[in-house]
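Chemist: generate coordinates for the sequence data below:
(2 chains)
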Amino acid sequence: MPLQQLNSNTFEEMIYDKGKPCLVIFSRKTCHVCKQVVPLLEELQPKYEGVFGFYYVDIEENAGLFQRFSLKGVPQILYFNEGEFQGKHAGLVDEEKVEEKIAAVQEA
Amino acid sequence: MEDANNSYDLIIIGGGPAGLSAAIYGGRAKLKTLLINKGTLGGMADTTREIVNYPGTIKVSGPDLMGDFAKHAESFGVEFLKDEVVGTDFAGERKKVTTKKKKEFFAKAVIIAVGNEPRLLDIPGEKELQGSGVAYCATCDAEFFEGEDVVVIGSGDQAIEEGMYIAKFARKVTVIVLHDEGILDCNKVSAEGALRHEKMEFVWNSTIEEVLGEESVEGVKIRNIKTGELTEFPCQGVFFFVGMIPSTQFLKASRLEMDKRGYIPVSEQMETNLEGVYAVGDNRSKYLRQVVTAASDGATAAVAAERYIEEQDSFQLKVLQSEKKVLLLFFDAFNHESLEFSTSLEEVNLELPESYKIVKIDMATKKNLAHKYQIDKVPSVVLLEKGLEIKRLNCCTGKDKLKSQL
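Modeler: Residues are numbered from 1 along each chain as shown, chains lettered A, B, ... in the order given. Model (predicted):
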């Protein structure tokens, strides 16, 4: 299932207002590394249904969000809990790393 | 466990141009073919913006060309699986591969086409600042360095061509080169373009030792390899293009022969040291790593695999399942004695009350069978009944003694 897309408004709502633990991948259509990482998150998503959010930000459509976290490069996965930034993964990652990080965020 | 659903003639590991070409040839030869690929199809070629040297195609993007390769393979009935091979068992006649999603597949032959991956320099700051100024992909990330100073490490095709692409956005691109002034590893056209480029500068005889910065890249520490001198160079981005390593680590336990760097040496038919296992494309030892040579490798291996499978199948039918007892005669067309012996054996066989089925194996072309029966000289004869070895004949005797052995 495709990840839920966020724009700057929904980003505020999901990350800060609701504050549930989640990850957000910053990605773009023309990036081949993103094309490897995004499907991996899509596959993991159902396993965490209801306990950990999976979101997607297209940086070409939401340049402001990207600048706000002073990111340089895609893909980057940012982790949040209770509206607080919990760390990130840049570039190519595998599901084990993502799952480890999710577990760490959940425990924190 | 092997069943009809996970059993194939040919399994191809890797879906770049080499693997896809092998798939096209395998599919067209009506082999039941499975291609297992971990990422997007197309491999390294899929990450290439522009391909201008694939014959017959003047200019095409990597993803477009690879999309066509994949469609072509699909049109011949090749099955595709998105998964990663993590384990192999190539010892027996049935080759087994195990994937990350814990699936098992079996095949008569396997073609390894897993390609290359970028080498990491593994210097302080490289990992920590990845995504915060340290980058490996210009297409993905160059735009984020609009108006900034960027350092590129390396001087191969990729480094120089990607460097020029980054220069479209960056204020200045500084290329760190190991060699003496004026020497770049890349092709001449790109070298000339880069050396003339007004936004590109070069630091010769140098490498970098550290990426500097806390939250994001603030500079690099450059070492001059001739003088040993260290200088700090301010920049906001660092792109690493320091060569590639073969993605063959998962094969370490397979007894597959590899060189020190992990490349797989092969014969002209792309055969590895293991029977029925072939290696093609960037993961084999070779002179030129391009789409056109990858495609050539794939075609060669698929045809070699097809013949190997045919040989296995016909041996199964003609010899192992034969109702009659079989005399397996190993000969060599260039060995006169073995040819003469062959004639005597035929004659003796006709004189027997119950004749045998004689199957002649040319040692020069059927190395696999010679190996299987551990034959090291010609002529040699193995007597088989229902596929099982009964005995070996003493071939250094006259007709009468030969007859007495049968």
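Chemist: CA atoms for contacts and neighbours, from now on please.
Modeler: Fine.
Chemist: what comes into contact with stretch A:87-97?
Modeler: Applying Cα atoms under 8 Å, 6 or more residues apart in numbering or on different chains, the contact partners of stretch A:87-97 are A:33-34, A:36-37, A:40-41, A:44, A:73-80, B:130-131.
Chemist: where's residue B:343, which helix or strand?
Modeler: Here residue B:343, judged by DSSP states H and E, is contained in helix B:336-351.
Chemist: buried residues in stretch B:300-315, which are they?
Modeler: Going by neighbour count (16 or more other Cα atoms under 10 Å in any protein chain shown), the buried part of stretch B:300-315 is B:300, B:301, B:302, B:303, B:304, B:305, B:306, B:308, B:309, B:312, B:315.
Chemist: can you map out the strands along the stretch 151-300 of chain B?
Modeler: Along the stretch 151-300 of chain B, the stretches classed as strands by DSSP state E, counting those that start in this stretch are B:172-176, B:200-203, B:206-212, B:219-224, B:230-234, B:237-240, B:244-246, B:277-279.
Chemist: name all residues that make contact with the most centrally placed residue in chain A.
Modeler: In chain A, the centroid-proximal residue (Cα atoms, centre = their mean) is residue A:24; its distance is 1.5 Å. Applying Cα under 8 Å, 6+ apart, we find residue A:24 in contact with A:54, A:55, A:56, A:57, A:77, A:78, A:79.
Chemist: helix or strand for it, just tell me which one.
Modeler: Counting by DSSP H and E, residue A:24 is part of strand A:22-27.
Chemist: one more: residue B:389?
Modeler: Element membership of residue B:389, judged by DSSP H and E, is strand B:388-392.
Chemist: before we move on, what about residue B:71?
Modeler: Secondary structure assignment for residue B:71, by DSSP H and E: helix B:62-75.
Chemist: so which elements touch whichever helix or strand comes after that helix?
Modeler: Remark: after helix B:62-75, the chain's next helix or strand is strand B:79-82, criterion DSSP H and E. Contact partners of strand B:79-82 among helices and strands, from 3 or more Cα pairs under 8 Å, 6 or more residues apart in numbering or on different chains; DSSP states H and E: strand B:33-37.
Chemist: which parts of the chain are helices?
Modeler: Picking chain A for this. Here chain A has its helices, by DSSP state H, at A:8-11, A:32-44, A:63-68, A:95-107.
Chemist: look at chain B instead
Modeler: B:17-28, B:62-75, B:138-141, B:157-166, B:188-196, B:291-315, B:336-351, B:367-372, B:399-405.
Chemist: to chain A, which of these lies closest?
Modeler: helix B:138-141 (4.7 Å; Cα to the nearest Cα).
Chemist: tally of neighbours for residue 63?
Modeler: Here I'm looking at chain A. Residue A:63 has 13 neighbours, counted by other Cα atoms under 10 Å in any protein chain shown.
Chemist: switch to chain B, that's the one I care about
Modeler: By other Cα under 10 Å, 22 other residues sit near residue B:63.
Chemist: that one contacts residue B:46, correct?
Modeler: Yes - applying Cα atoms under 8 Å as the test, residue B:63 and residue B:46 come out as touching, 4.5 Å apart.
Chemist: so for stretch B:105-119, first residue to last residue, what's the gap.
Modeler: 30 Å (Cα to Cα, to the nearest Å).
Chemist: packing partners for the helix or strand of chain A at the bottom of the mean pLDDT ranking?
Modeler: In chain A, no helix or strand scores lower on mean pLDDT, DSSP states H and E than helix A:63-68, which sits at a mean of 83. Using 3+ Cα pairs under 8 Å, 6+ apart as the contact test, no helix or strand touches helix A:63-68.
Chemist: gap between it and the chain center?
Modeler: 14 Å (Cα atoms, centre = their mean, to the nearest Å).
Chemist: got it, and stretch A:73-88?
Modeler: In terms of Cα atoms, centre = their mean, the centre of stretch A:73-88 is found 6 Å from the chain centre.
Chemist: okay if I get the helices of chain B as CSV plus distance to residue B:208?
Modeler: Output for the helices of chain B, formatted as CSV (distance: least, Cα to Cα, whole Å):
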stretch, distance to residue B:208
helix B:17-28, 33
helix B:62-75, 31
helix B:138-141, 19
helix B:157-166, 15
helix B:188-196, 20
helix B:291-315, 31
helix B:336-351, 64
helix B:367-372, 49
helix B:399-405, 74
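Chemist: any idea which of those helices is most buried?
Modeler: helix B:17-28 (a mean of 29; mean count of other Cα atoms under 10 Å in any protein chain shown).
Chemist: direction-wise, compare it with helix B:291-315 and give the angle.
Modeler: Orientation of helix B:17-28 against helix B:291-315 (axes from the mean of the first three to the mean of the last three Cα atoms, to 10 degrees) gives an angle of 40 degrees.
Chemist: and stretch B:320-327, how far apart are its ends?
Modeler: End-to-end distance for stretch B:320-327, by Cα to Cα: 11 Å.
Chemist: follow-up on the earlier one: of the contacts of stretch A:87-97, buried ones?
Modeler: A:33-34, A:36-37, A:40-41, A:73-80, B:130-131.
Chemist: thinking again about what came up before, how about the strands of the stretch 151-300 of chain B in JSON lines, adding mean neighbour count and mean pLDDT?
Modeler: Below are the strands of the stretch 151-300 of chain B laid out as JSON lines (neighbours: other Cα atoms under 10 Å in any protein chain shown; pLDDT from 0 to 100):
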{"stretch": "strand B:172-176", "mean neighbour count": "24", "mean pLDDT": "98"}
{"stretch": "strand B:200-203", "mean neighbour count": "19", "mean pLDDT": "98"}
{"stretch": "strand B:206-212", "mean neighbour count": "22", "mean pLDDT": "97"}
{"stretch": "strand B:219-224", "mean neighbour count": "20", "mean pLDDT": "97"}
{"stretch": "strand B:230-234", "mean neighbour count": "15", "mean pLDDT": "97"}
{"stretch": "strand B:237-240", "mean neighbour count": "26", "mean pLDDT": "96"}
{"stretch": "strand B:244-246", "mean neighbour count": "17", "mean pLDDT": "93"}
{"stretch": "strand B:277-279", "mean neighbour count": "27", "mean pLDDT": "98"}
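Chemist: between those, which gets nearest to chain A?
Modeler: Using Cα to the nearest Cα, the strands of the stretch 151-300 of chain B put strand B:237-240 closest to chain A, at 8.6 Å.
Chemist: can you list the residues of chain B near chain A?
Modeler: Proximity of chain B to chain A is confined to B:39-40, B:46-47, B:130-133, B:135, B:139-142, B:144-145 under the rule Cα under 8 Å from any Cα of the partner chain.
Chemist: got the domain boundaries for chain B?
Modeler: Domain segmentation of chain B under automatic domain parsing yields B:7-117+B:245-315, B:134-242, B:322-405.
Chemist: residues in chain A within reach of chain B, list them.
Modeler: Near chain B, when you scan chain A using Cα under 8 Å from any Cα, you find A:30-33, A:35-36, A:70-76, A:90-91.
Chemist: kindly recompute the last result at 6 Å.
Modeler: Applying Cα under 6 Å from any Cα of the partner chain, we find that chain A lies next to chain B at A:31, A:36, A:71, A:72, A:73, A:90.
Chemist: okay, and the beta partners of residue B:329?
Modeler: Going by DSSP bridges, residue B:329 is paired in beta bridges with residue B:360, residue B:381.
Chemist: contact partners for it?
Modeler: With contacts defined as Cα atoms under 6 Å, 6 or more residues apart in numbering or on different chains, the neighbours of residue B:329 are B:360, B:361, B:380, B:381.
Chemist: swap in residue B:106?
Modeler: With contacts defined as Cα under 6 Å, 6+ apart, the neighbours of residue B:106 are B:7, B:95, B:96.
Chemist: leaving out sequence neighbours, find the closest residue to residue 22.
Modeler: You didn't pick a chain, so chain A it is. Closest residue in space to residue A:22, ignoring its immediate chain neighbours: residue A:53 at 4.1 Å, by Cα to Cα, 6 or more residues apart in numbering or on different chains.
Chemist: actually, chain B is the one I wanted.
Modeler: In space, residue B:22 is closest to residue B:298, 4.0 Å off (Cα to Cα, 6+ apart).
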